[in-house]
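Novice: Structure here, sequence nowhere to be found:
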């Protein structure tokens, strides 16, 4: 059951990888996320070099986002103007991220940066989500309805370069979407994620986009960013393994469909709480690896080019 | 290459009536295919004009292409293990396997072993840049490669089929690098190398694996686009397959 990965230059058990793709796909379908944040650390746990793991997970995210975006497109629930504006920042962000990635790789700090970014991002987002979902669950039990705390949008309204986003019924400055796009593009290159778990809250709470267009628009933005990052990673780090990508996607698309069906049986707050626990577990695992004394203090890496 | 020249010189330098060595390998090309999980090659040989077997030893060394390597040492900084110190080496093989009739320390004195590069402790790379103490880093390279089976010493693993005919099985694990390998066979008598022979062995990827690797490295832009296209296509197919009827 071994298969040789031509770019990672190693033999792996392909059943393990398809199973991994299915498992992550199941969770991403259930929670409506791309799953990159789970896939990259899991690939690293199985022994894939982190450069290849980060670069190849993006293909998996592209495929699952494509599937989801088509469904949203059918419902006409995509704001292409907003996605386009965010992409302007996204291109800059991915270029910056890939450059930083190559620099860190030369310095030998790739693994550390990836792990630290993950711990920080997942730790903070997991904590916020857990608190929010617990509060919602408590409120649900006591029969009250939670009102989302209004975000002060004064400073966003005051920004220049306003533009009309018809689909989202918004008339706001293009600067916040560009900034969000930049941040997500950079994180996408460094972490191998689509960034849905950042884009979606940013669209809802910062830009105040209507919830029904958020999912589709973020998916389009994610497809664009992961596609660009894949090409950049392929050209600057030679780190995309197409055979690995094929294995992950094959498992992932099936798992995602099963996950969507399973997710439909759970309540939104419960789903968010489970996702929060999952996110915190991944962050905890990565943190543990950083602080536990390694078996061998020395590590070998390919020489920097 | 240097060693091959050395071996050739040695062959000519030895007087015609002295003990000599003929050797061969079971295959001179190892093809890495999609289901490659490691293989074995057989190195065999015969001693010509054989003299007294007492004090005579055979050493087989298979070495892979040299690769520059960077070794990093982690230190705890603010509670987190961080790569802090590094040493870079050149002239270390990606693969090294040694088979011998006896433990090599009993076969020849250290300076002879060092001269011919026999044994893991004779691997003396050049440290690039200056490092005040490269030795623990060198030991770490050897330790790491031993753990994954890319470096090994296997004394007593040479079988004699007759008084003069011998063979040994060399494991080539899954993680080997592509490139030119060298199979060196040494005939050592009373601590001196009296004959040596070197045969090249090629490890290469074939078929699809090779094409994918070449595409990824030689035309990365179209390759990257192909990856994106494949992902989108698979996403679209899955959407069509699993679409719920409305």
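Specialist: Thanks, I have it. Source: prediction; values computed, not measured.
Novice: which residues does residue B:48 bridge with?
Specialist: According to DSSP bridges, the residues that bridge with residue B:48 are residue B:20.
Novice: all helices of chain B, in order?
Specialist: Taking DSSP state H as the criterion, chain B carries its helices at B:2-13, B:104-107, B:110-116, B:135-147, B:207-218, B:220-242.
Novice: Quick one: list the elements packing against the shortest one.
Specialist: Using 3 or more CB pairs under 8 Å, 6 or more residues apart in numbering or on different chains; DSSP states H and E, the elements in contact with helix B:104-107 are strand B:56-63. Backbone N, C-alpha and C define where each C-beta goes, glycine included.
Novice: burial count for residue 165?
Specialist: Here I'm looking at chain A. Residue A:165 has 20 neighbours, counted by other CB atoms under 10 Å in any protein chain shown.
Novice: my question was about chain B
Specialist: 13.
Novice: if we can go back for a sec, nearest to residue B:34, of the helices of chain B?
Specialist: helix B:207-218 (6.0 Å; CB to CB).
Novice: just the angle between the closest one and helix B:220-242, please?
Specialist: On the basis of axes from the mean of the first three to the mean of the last three CA atoms, to 10 degrees, helix B:207-218 is oriented at 120 degrees to helix B:220-242.
Novice: picking up where we left off before, can you say which of the helices of chain B is nearest to residue B:161?
Specialist: Across the helices of chain B, the minimum distance to residue B:161, taken as CB to CB, is reached by helix B:104-107, at 20.6 Å.
Novice: Buried ones in that closest one, by neighbour count?
Specialist: Counting neighbours by 16 or more other CB atoms under 10 Å in any protein chain shown, one finds that the buried residues in helix B:104-107 are B:104, B:107.
Novice: List the contacts of that helix.
Specialist: The set of residues external to helix B:104-107 that reach it, using CB atoms under 8 Å, 6 or more residues apart in numbering or on different chains, is B:57, B:59, B:98, B:100-101, B:113, B:118-119, B:153, B:155, B:188, B:191.
Novice: and the residue lying closest to residue A:86 once chain neighbours are set aside, what is it in contact with?
Specialist: In space, not counting the residues next to it along the chain, residue A:86 is nearest to residue A:181; the distance is 3.7 Å by CB to CB, 6 or more residues apart in numbering or on different chains. Applying CB under 8 Å, 6+ apart, one finds that residue A:181 lies in contact with A:85-90, A:92-93, A:221, A:225.
Novice: In this structure residue A:28 contacts residue A:37, no?
Specialist: No. Counting by CB atoms under 8 Å, residue A:28 does not reach residue A:37; the two are 9.6 Å apart.
Novice: circling back to that earlier point, give the buried residues for the strand or helix carrying the residue nearest to residue A:86.
Specialist: Taking DSSP states H and E as the criterion, the element that holds residue A:181 is helix A:175-191. Within helix A:175-191, the residues that count as buried by 16+ other CB under 10 Å are A:175-178, A:180-191.
Novice: Helix or strand with the lowest mean pLDDT in chain A?
Specialist: Among the secondary structure pieces of chain A, namely its helices and strands, helix A:154-157 has the lowest mean (mean pLDDT, DSSP states H and E), a mean of 68.
Novice: which residues of the stretch 151-300 of chain A fall in strands?
Specialist: In the stretch 151-300 of chain A, the strands defined using DSSP state E, counting those that start in this stretch lie at A:162-165, A:170-173, A:298-302.
Novice: Select, out of the ones you listed, the one closest to residue B:24.
Specialist: Taking CB to CB as the criterion, residue B:24 comes closest to strand A:298-302 out of the strands of the stretch 151-300 of chain A, the separation being 33.3 Å.
Novice: ok, and what's touching stretch B:197-211?
Specialist: Under the contact criterion CB under 8 Å, 6+ apart, stretch B:197-211 has outside partners A:4, A:6, B:3-4, B:7-8, B:11, B:21-25, B:27-34, B:41, B:45, B:62, B:64, B:172, B:176-185, B:213.
Novice: Name the nearest residue to residue A:15, sequence neighbours excluded.
Specialist: Closest residue to residue A:15 apart from its sequence neighbours, by CB to CB, 6+ apart: residue A:1 at 5.0 Å.
Novice: got any ranges where chain B has weak pLDDT?
Specialist: Residue ranges of chain B with pLDDT under 70: B:1-17, B:129-130, B:244-246.
Novice: Nearest the geometric middle of it, what residue?
Specialist: Compute the mean C-alpha point of chain B, and by CA atoms, centre = their mean the closest residue is residue B:95, 2.0 Å away.
Novice: now it, nearest residue through space, not along the chain?
Specialist: Nearest-residue entry for residue B:95: residue B:64, 3.1 Å, with adjacent residues in sequence omitted and distances by CB to CB, 6+ apart.
Novice: Compute the distance between residue B:54 and residue B:47, please.
Specialist: In this structure, residue B:54 and residue B:47 are separated by 13 Å, where distance is defined by CB to CB, to the nearest Å.
Novice: I misspoke; the intended subject was residue B:32.
Specialist: Counting by CB to CB, the gap from residue B:32 to residue B:47 is 34 Å.
Novice: Tell me how many other residues surround the residue in the stretch 101-250 of chain A that chain B sits nearest to.
Specialist: Closest residue of the stretch 101-250 of chain A to chain B, CB to the nearest CB: residue A:234 (3.0 Å). Residue A:234 has 31 neighbouring residues, counting by other CB under 10 Å.
Novice: Wait, it touches residue B:218, no?
Specialist: No. Contact between residue A:234 and residue B:218 fails when scored by CB under 8 Å: they sit 11.8 Å apart.
Novice: Filter the contacts of helix B:104-107 down to the ones in strands?
Specialist: In strands, judged by DSSP state E, the following of these are found: B:57, B:59, B:98, B:100, B:153, B:155, B:188.
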